[in-house]
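Undergrad: Prediction below, plus the sequence it came from.
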Amino acid sequence: MKKAKTTGMNALKAWRLEHHYSLWKMAVMVGVTVPTIARWERGSSGLRAQNLLKLSEVTHIPINVLNASITENKGE
């Protein structure tokens, strides 16, 4: 299995796919809607602090990596 990419908002999608989680399962775990997870993965929507913390807890991706992801993909 390929190693998940750990930079960019793609880090979230890579983690989700590597762990075989659907958008729906991820949304339930974080407590948001499926479209919200999809927007985060595309970088088209920012994360609130509480969601950033929850995502970090669920995925074990460091907050600074997730936070950097938002700004990286906003310009694309």
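TA: Received, thanks. Residues are numbered from 1 along each chain as shown.
Undergrad: check which helix or strand covers the residue most central in space within the chain.
TA: With distances taken as Cα atoms, centre = their mean, L12 lies nearest the centre of the chain, 3.2 Å away. Secondary structure from DSSP states H and E places L12 in helix 10-18.
Undergrad: do the same with M26
TA: Per DSSP H and E: helix 23-30 holds M26.
Undergrad: Hey, what's the angle from that helix to helix 10-18? Just curious.
TA: Put simply, helix 23-30 runs at 110 degrees to helix 10-18, going by axes from the mean of the first three to the mean of the last three Cα atoms, to 10 degrees.
Undergrad: what comes up buried for helix 23-30?
TA: L23, M26, A27, M29, V30 (16 or more other Cβ atoms under 10 Å). The way it works is simple: take the backbone N, C-alpha and C, and place the C-beta from them, glycine included.
Undergrad: ok, then the element right after that helix?
TA: helix 34-42.
Undergrad: buried set for stretch 49-67?
TA: Buried-residue list, stretch 49-67, by 16+ other Cβ under 10 Å: N51, L52, K54, L55, S56, V58, T59, I61, V65, L66.
Undergrad: Give me the subset of those lying in helices.
TA: Using DSSP state H, N51, L52, K54, L55, S56, V58, T59, V65, L66 are the members of the buried residues of stretch 49-67 that sit in helices.
Undergrad: The third one and R39: what is the separation?
TA: If I follow you right, that is K54. Per Cβ to Cβ, to the nearest Å, K54 is found 16 Å from R39.
Undergrad: Under the pLDDT cut-off, which ranges of this structure? List them.
TA: Along the chain, segments meeting pLDDT under 70 span 1-9, 69-76.
Undergrad: Now find how far off-centre the helix holding M26 is within its chain.
TA: Its chain's C-alpha centre and that of helix 23-30 lie 11 Å apart, by Cα atoms, centre = their mean, to the nearest Å.
Undergrad: what's the angle from it to helix 34-42?
TA: Helix 23-30 and helix 34-42 are oriented at 100 degrees to each other (the same axes, to 10 degrees).
Undergrad: hey, C-alpha coordinates of helix 23-30 in CSV?
TA: Output in CSV follows, covering the C-alpha atoms of helix 23-30 (Å, rounded to 0.1, in the frame of the first residue of the first chain):
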residue,chain,number,x,y,z
LEU,A,23,-16.5,10.4,3.2
TRP,A,24,-19.6,9.5,5.2
LYS,A,25,-17.7,7.5,7.8
MET,A,26,-15.2,10.4,8.2
ALA,A,27,-18.0,12.9,8.5
VAL,A,28,-19.7,10.9,11.2
MET,A,29,-16.4,10.6,13.1
VAL,A,30,-15.8,14.3,13.0
